[in-house]
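J.: quick one: sequence and predicted model below, then my questions.
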Amino acid sequence: MGSIASEDEEVTVEVRAASPAHYLLKIESFSLLSESGVEKFESNEFETGGYKWKMIIYPDGKGSDNGSEHVSVYLALSGTSSLPAGWEVNAIYTFFLFNQLCDNYLSVRGNMRRFHSIKSLWGFPKFVCHKTFKEASSGYLVDDKCVFGAEIFVIQRQAIGECLSMVKSNDSFTREWKICSFSKLGEVWYSEQFTVGDYKWQLILYPKGNAKNKGSSISIYLQFVDAEDFDHRQKVKAKCSICLKDQIDGEYNKLSSYWNWFSTTVKSWGYPKFLPLTELHDRNKGYLLNDCIVMEVVVEVVFKHTIKSLS
């Protein structure tokens, strides 16, 4: 039979006894197609996998695909005008040629192909060469009659698709907080809420530390207040810088800075060991003066990130 030229990277050629599951096309007086100058013959529509198809036979080959001296066989998706915009169908197709002497079928299967508005036709330009096809001993053309067939298995789309949308933001917030009566704050202190990047934020301060750092360090966190209104597909990337002022020399000597994504699952981020309590109470440092501390906080919203499902 010779090599089979395909628009696929490779083909699988087999012989089987079972007839095609989806479509059979019997052609009588095959030679009249060529003699009548018929470039191609389109079958009637047939339906499988929820779509309508046509099998197209080129008796003298599909010239644009270098199918001369061959019979070319193609599969076309039909009725595409009724499909939704942006349609695409992924399918694996197999073509058959009946051997009337051996009572079996030559089957040629290609790889999975994507049928869409730009390319709705796939097949084999050199399905069978004329010499083999017309040779009486091959059994493919007997009394000028032949039988072609097709099977199409549509790959149903079940994958989950997502679209990532990111918006760059340059919104920032700077605020100096003087917190007095520090020794009387209790276990936790909340700042007033402030807005950055159209979202609400606030600081959480643990004067004597929290969790494992309780009694050893100050703990400070930035909390994303609007996380309660987010869903799992939304995130905000923010940069937070926190400075502690030495009130003796007027300099911000203790600086910590970080970047982080905030979401419904990550509502706060910060420093569990921001400053050891021994250093805070060191009178030479000037961090705690007259039972007051002074912090400067800078919050920048850098990106807004949303993931949307694709239908």
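T.: Noted; the coordinates are in hand.

J.: only C-alpha atoms from now on, for both contacts and neighbour counts.
T.: Noted.

J.: so what's W189 up against?
T.: Neighbouring residues of W189 by Cα atoms under 8 Å, 6 or more residues apart in numbering: I204, L205, Y206, P207.

J.: number of nearby residues for the nearest residue to the third one once chain neighbours are set aside?
T.: Which is Y206. Leaving aside its sequence neighbours, Y206 sits nearest to V188 (Cα to Cα, 6 or more residues apart in numbering; 4.6 Å). Taking other Cα atoms under 10 Å as the criterion, the count of residues near V188 is 14.

J.: sorry, back to before: so which of the contacts of W189 is the closest to E151?
T.: Top of the list for closeness to E151, among the contacts of W189 and by Cα to Cα, is I204 at 65.7 Å.

J.: against P125, how distant is that closest one?
T.: From I204 over to P125 the distance is 71 Å, taken as Cα to Cα, to the nearest Å.

J.: neighbour count winner among these two?
T.: Set side by side, I204 and P125 show unequal neighbour counts under other Cα under 10 Å, the larger going to P125 at 27 against 19.

J.: what helix or strand is that one on?
T.: In the assignment (DSSP states H and E), P125 maps to strand 121-129.

J.: tell me which other helices or strands that strand touches.
T.: Secondary structure elements in contact with strand 121-129, counted by 3 or more Cα pairs under 8 Å, 6 or more residues apart in numbering; DSSP states H and E, are strand 70-78, strand 113-116.

J.: single out the most deeply packed of the ones you listed.
T.: Mean neighbour count, computed with mean count of other Cα atoms under 10 Å, is highest for strand 70-78 among the helices and strands packed on strand 121-129, reaching a mean of 23.

J.: what inclination does that strand have with respect to strand 121-129?
T.: Angle between the axes of strand 70-78 and strand 121-129 is 160 degrees (criterion: axes from the mean of the first three to the mean of the last three Cα atoms, to 10 degrees).

J.: name the residues of whichever helix or strand comes after strand 70-78 that are buried.
T.: Using DSSP H and E, the next helix or strand after strand 70-78 towards the C-terminus is strand 88-99. Going by neighbour count (16 or more other Cα atoms under 10 Å), the buried part of strand 88-99 is E88, V89, A91, Y93, T94, F95, F96, L97, F98, N99.

J.: and the residue nearest to Y206, how far is that from E69?
T.: Summarising the geometry, the distance separating V188 from E69, computed by Cα to Cα, is 87 Å.

J.: cool, and E28?
T.: Taking Cα to Cα as the measure, E28 and E69 are separated by 20 Å.

J.: V38 now?
T.: Distance from V38 to E69, counting by Cα to Cα: 15 Å.

J.: looking at these two, which is more packed in?
T.: Set side by side, V38 and E69 show unequal neighbour counts under other Cα under 10 Å, the larger going to E69 at 16 against 13.
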